[in-house]
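Undergrad: Mind looking at a prediction? Sequence and model below.
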Amino acid sequence: MPRRFRPGSIATVAATVALALPAHAAAAPEVLDPELAVRTAASGLDSPTSIAFLGPNDMLVLEKQTGRVQRVVNGVVTSTALDLAVNNASERGLLGIALHPNFPTNPGVYLYWSCQAPPPPASNPFFPTQDRCSLTPETGADTGDILAVPLLGNRVDRFVWNGSTLAFDRNLIMLRSFQHDGAPVPPGQGDESQPARGNHDGGVIHFGSDGKLYVQVGDLGRRGQLQNLTDGPTPPSDDDQFGGPEPDDAHLSGVILRLNDDGSTPTDNPFVAAGAMTGGAVGANIAKIFAYGIRNSFGFAFDPVSGNLWDEQNGDDSFSEINLVEPGANLGWVQVMGPLSRIGQFKEIETSSEFFGLQQLRWSPTNIADSPSEALSRLFMLRGARYSDPEFSWKFENAPAAVGFQTGRALGPQYENDLFVGAARVFLEGGQIWRFNLTGNRRRIAVDDPRLEDRVADNTAKFEITESETLLFGRNFGIGTDIETGPNGNLFVVSLSDGAVYEIFRR
């Protein structure tokens, strides 16, 4: 199992490599409501990450490790619709799927995945052999070599569904993937001991009710402007050996992007004006951003009532978050996790001898601000941006993952339009599912427990649930990477670690 490295080496974040864990032997999944039950909707899958329903009892399931899009009908894998040649090291692989809003009239199927490239030579492992993969995706054999990826190895592509297979149509965007921050340039960064990594890739994609495609990208370990470091981690030097801190193509990370269905930039995006002021390739990237200041996330979803976007974010060792993400939101990373009012606890935990470090050594946690006002003053604010506190958080990292809403009343009226959140680790309740009820205006988390009036669960350690017991909905679901309401109205949970899709239904 992954562990936290002690001071003197690299701190491993709560969700790192969790998405590559093998199947775990655990008790059967269960929900706490005796009126509900769980059954297996599909099994025998290889590290499934996401699903998309083609119809009742008919779904496409992504396999992270194999790069295969499997068609599952009545619980059985009937065919492979596509087999991409993925780099599956760490949190890379075949990660996200979204059907066009007008599917099947428009047969577009969108995939977020990590392609591969020949690894660099051992004599100079700090620079990839390619900037990008070929435009047309390669299929076939996969690799777990963490260096066998181009600089821009994460990509979103549109494929066309013909009823049995997926055919490539176009690439929408290519995003940063390669990470080897032990490079000797720029000098003086202090990251010489950093190993190569492949984490914080994000990968969830969804169409909103506005018909736009939203793409979630983790920070990929970057420490530039989109991580709220205006002049980079050790000014005045670059972010890394590829430049920065400006969000050029190699540093467009820690964001949610909003794109048209053809990959172009919507003219009503929140930072179109800011991008125009900046100009060039950096300005074009800024115009694509819906929100930034994101550390890492394995899930977001749209409220079926309001259309608002909600996400979860993984902290390093402190302050997992549930966020209402509005257009132009700056969510604060790396300057703050959790509510601004808890900045002292954020710094105290991350600088403690038990947890010291924020993955990258080049920006030490000792740099964390000492007051809310100081933290706010440090944020990199694009024109039109505003800082947003989380709507809920855990004091110590709790490793949430998938986010999904229950649409309809199939589970009972008490669950209609509630928010459910899965787990990125199996340490807690065998892989828990949290349930959140939203307030009437759909803008806050509703709570009944007086301990949660401040919307912070003051748990006592990592992967511990003190003060959030009343939010626990299910256990033993393993690593839950997708939560969706199916065509029958039941709630479906993808378990990467169990190689299964589970269906929650009313008895």
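TA: Structure's in. What do you need?
Undergrad: Spatially nearest residue to Gly93, not counting backbone neighbours?
TA: Lys64 (3.7 Å; CB to CB, 6 or more residues apart in numbering). Where you see a C-beta, it was placed from the backbone N, CA and C, and this is true even at glycine.
Undergrad: List the contacts of the one you found.
TA: Leu19, Ala20, Asp46, Ser47, Pro48, Thr49, Val86, Asn88, Gly93, Leu94, Leu95, Leu496 (CB atoms under 8 Å, 6 or more residues apart in numbering).
Undergrad: For my notes, confirm Ser373 occurs in a helix.
TA: Yes - under DSSP: H, G, I helix; E, B strand; the rest coil, Ser373 sits within a helix.
Undergrad: before we move on, the earlier item: now the contacts of Lys64 as CSV including pLDDT, neighbour count and secondary structure?
TA: Formatted as CSV, these follow (pLDDT from 0 to 100; neighbours: other CB atoms under 10 Å; DSSP: H, G, I helix; E, B strand; the rest coil):
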residue, pLDDT, neighbour count, secondary structure
Leu19, 43, 26, helix
Ala20, 39, 22, helix
Asp46, 98, 16, coil
Ser47, 98, 24, coil
Pro48, 98, 29, strand
Thr49, 98, 27, strand
Val86, 98, 29, coil
Asn88, 98, 27, coil
Gly93, 98, 29, coil
Leu94, 98, 28, strand
Leu95, 98, 27, strand
Leu496, 98, 32, coil
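Undergrad: pLDDT below threshold where in this structure?
TA: Scanning the chain with the threshold set as pLDDT under 70 gives 1-26.
Undergrad: The closest residue to Asp33 other than its chain neighbours sits in which helix or strand?
TA: Take Asp33 and drop its neighbours on the chain: the residue closest to it by CB to CB, 6+ apart is Phe473, 7.6 Å away. Using DSSP states H and E, Phe473 maps to strand 472-475.
Undergrad: Can you name the element that comes right after that strand?
TA: Criterion used, DSSP H and E; the element after strand 472-475 is strand 480-485.
Undergrad: just to revisit the earlier point, now the phi/psi pair for the residue nearest to Gly93, please.
TA: phi -60, psi -50 (degrees, to the nearest 10).
Undergrad: start the count at 205, not 1, going forward
TA: With 205 as the first residue, the last one maps to Lys268.
Undergrad: Now for Glu516, how many residues are close by?
TA: When neighbours are counted by other CB atoms under 10 Å, Glu516 registers 27.
Undergrad: So it: helix, strand or coil?
TA: strand.
Undergrad: Quick check: closest non-adjacent residue to it.
TA: Pro604 (4.1 Å).
Undergrad: before we move on, what about Ser283?
TA: Going by CB to CB, 6+ apart, Ser283 has Arg275 as its nearest residue, at 4.9 Å.
Undergrad: Around the residue nearest to Asp237, how many other residues sit close by?
TA: 20.
Undergrad: Ok, the one 10 residues further on next?
TA: Other residues within reach of Ile687, judged by other CB under 10 Å, total 26.
Undergrad: Distance-wise, check it relative to His410.
TA: Here the criterion is CB to CB, to the nearest Å. By it, Ile687 lies 12 Å from His410.
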